[in-house]
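**Student:** Below is the sequence, then the predicted model.
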Amino acid sequence: MKYLLSSVALVFISSFFWFFSFDSNLPVWKEKYNGVCWVGSRNPLQGGEFQELTANGINAISQTPFGWQSEINNPEIRWLVENDRQWWGESGRGISATLDSSQKFNIHNMLKPHLWARGSWPGEIEMTNEADWKIWFENYENFIIDYARLAEKEGIPMLCIGTELEKTSQREAEWRKIIQAVKKVYSGQLTYAANFTEYQKVNFWDELDFIGIQAYFPLSDKKTPNLKDLKRSWENHIQEIEKLVRKTGKPVLFTEIGYCNTVDAAKEPWVWPNERKEIALSEEIQAMCYQSFFETAYQKDWLAGVYFWKWYPEGKRRDPDFTPQGLQAEKVMQQYFLVD
């Protein structure tokens, strides 16, 4: 009996140390970036926009200028850091002014340039031959370097080098070349915003400071899900994320996460509002999706921050939409952001 007890104790102690040595690769991030994806406004800011953010406990924003691709198989990319046809908030001068105004409220900035693919989305961008791939990567490198230089000039502390470019990110050598080029002109922190279907297949996380995930994970197929359903789904997604966190030792940023104020928000969170016009509105489901995130993934020490898509400087503008502004979801966000 004494031998049996000693054996059990030994197994317990061994398991104890195995558990903590196994989890020792999980990074601990002390102060989260409680962020929103800032919508560049058509006109200059009027004042008061950042007081509203701080009242909600928001301490970080991402700013998003655009490059344009006419077709997903066309290697041409068009962009101008300064362009009279741009909305003010997406121009270099607007980005700079927004940075200056937000920093007065101790709001952290990430510059997160996107490609706008006509009639599609960035995850479908794919060339049909090697010659076009070469041209596309040359163009993309020039595009992101221009914004890296802007970020360095303005002192923007974080740069996202790409967003949801799922069919390009498997070309590891080309992306490593881009990262090295960015590091020659930009001294801040770097991430890449991988789609939730992509992040496990990216092989250049070692070159970056954060694993970036566009966290539009499906949460429930039920017509009327409950909080328990949504949290159970999150726990499954968390297990998969933690496998990569252990492997890389890198903290995670949810570079985007969001839910429309519709009854189907939990099923396919990524679906654009224009495709939900016939769907019934529901503040309750949107708020429940927020709560399920805050009660699960948000509690993880490896999560360095989260950016909710999206936040209008001038307030909520349409239904359905992703923004939590003026809805129950804003109160949920405020509850957790102000406590953190």
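**Tutor:** The structure has been received and is ready for your questions.

**Student:** Could you report the separation of Pro122 from Tyr259?
**Tutor:** Relative to Tyr259, Pro122 is positioned 20 Å away (C-beta to C-beta, to the nearest Å). Every C-beta, even on glycine, is put in place using the N, C-alpha and C of the backbone.

**Student:** Same drill for these two, tell me which one is more crowded.
**Tutor:** Each of Pro122 and Tyr259 has its neighbours counted (other C-beta atoms under 10 Å); Tyr259 has more, 25 against 22.

**Student:** Can you give me the pLDDT of that one?
**Tutor:** Tyr259 is assigned 98 on the pLDDT scale.

**Student:** swap in Tyr3?
**Tutor:** pLDDT, Tyr3: 34.

**Student:** Kindly report the same for Asp84.
**Tutor:** Here the pLDDT value assigned to Asp84 is 82.

**Student:** likewise Val11?
**Tutor:** 36.

**Student:** Where does Lys247 sit, in terms of helix or strand?
**Tutor:** In this structure, Lys247 sits in helix 227-248 according to DSSP states H and E.

**Student:** For that helix, buried residues please.
**Tutor:** Within helix 227-248, the residues scored as buried using 16 or more other C-beta atoms under 10 Å are 229-231, 233-234, 237-238, 241-242, 244-245, 248.

**Student:** Same question for stretch 301-318.
**Tutor:** Buried, per 16+ other C-beta under 10 Å, within stretch 301-318: 302-313.

**Student:** Tell me which of those fall in helices.
**Tutor:** Assigned to helices by DSSP state H, none of these qualify.

**Student:** Kindly present those as TSV, with separate columns for distance to Lys112.
**Tutor:** Below are those laid out as TSV (distance: C-beta to C-beta, whole Å):
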residue	distance to Lys112
Trp302	21
Leu303	18
Ala304	15
Gly305	12
Val306	14
Tyr307	8
Phe308	13
Trp309	11
Lys310	12
Trp311	13
Tyr312	17
Pro313	16
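
**Student:** Remind me what the helix holding Lys247 packs against, helices and strands.
**Tutor:** Contacts defined by 3 or more C-beta pairs under 8 Å, 6 or more residues apart in numbering; DSSP states H and E place helix 227-248 against strand 210-214, helix 283-294.

**Student:** hang on, Val81 packs against Phe66?
**Tutor:** No - if you go by C-beta atoms under 8 Å, Val81 and Phe66 don't touch, sitting 10.9 Å apart.

**Student:** mean confidence score for stretch 167-182?
**Tutor:** 98.

**Student:** quick one: that stretch to chain centroid distance?
**Tutor:** Counting by C-alpha atoms, centre = their mean, to the nearest Å, stretch 167-182 is centred 19 Å from the centre of its parent chain.

**Student:** ditto for stretch 269-286
**Tutor:** The chain centre lies 20 Å from the centre of stretch 269-286; the measure is C-alpha atoms, centre = their mean.

**Student:** so for it, what's the average pLDDT?
**Tutor:** Across stretch 269-286, pLDDT averages out at 95.

**Student:** Grab the CA positions of it and hand them over as PDB.
**Tutor:** Extracted in PDB, the C-alpha atoms of stretch 269-286 (Å, rounded to 0.1, in the frame of the first residue of the first chain):
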ATOM      1  CA  PRO A 269     -19.400  36.100 -38.700                       C
ATOM      2  CA  TRP A 270     -17.400  37.100 -41.800                       C
ATOM      3  CA  VAL A 271     -20.400  37.600 -44.100                       C
ATOM      4  CA  TRP A 272     -20.700  41.300 -45.200                       C
ATOM      5  CA  PRO A 273     -23.700  43.300 -44.100                       C
ATOM      6  CA  ASN A 274     -24.800  43.900 -47.700                       C
ATOM      7  CA  GLU A 275     -25.500  40.100 -47.900                       C
ATOM      8  CA  ARG A 276     -27.600  40.200 -44.700                       C
ATOM      9  CA  LYS A 277     -30.200  42.800 -45.700                       C
ATOM     10  CA  GLU A 278     -33.000  40.200 -45.600                       C
ATOM     11  CA  ILE A 279     -31.900  38.800 -42.200                       C
ATOM     12  CA  ALA A 280     -33.700  39.900 -39.000                       C
ATOM     13  CA  LEU A 281     -31.800  42.200 -36.700                       C
ATOM     14  CA  SER A 282     -30.700  41.100 -33.200                       C
ATOM     15  CA  GLU A 283     -28.800  43.200 -30.800                       C
ATOM     16  CA  GLU A 284     -29.000  40.200 -28.400                       C
ATOM     17  CA  ILE A 285     -27.200  37.700 -30.600                       C
ATOM     18  CA  GLN A 286     -24.400  40.200 -31.400                       C
END
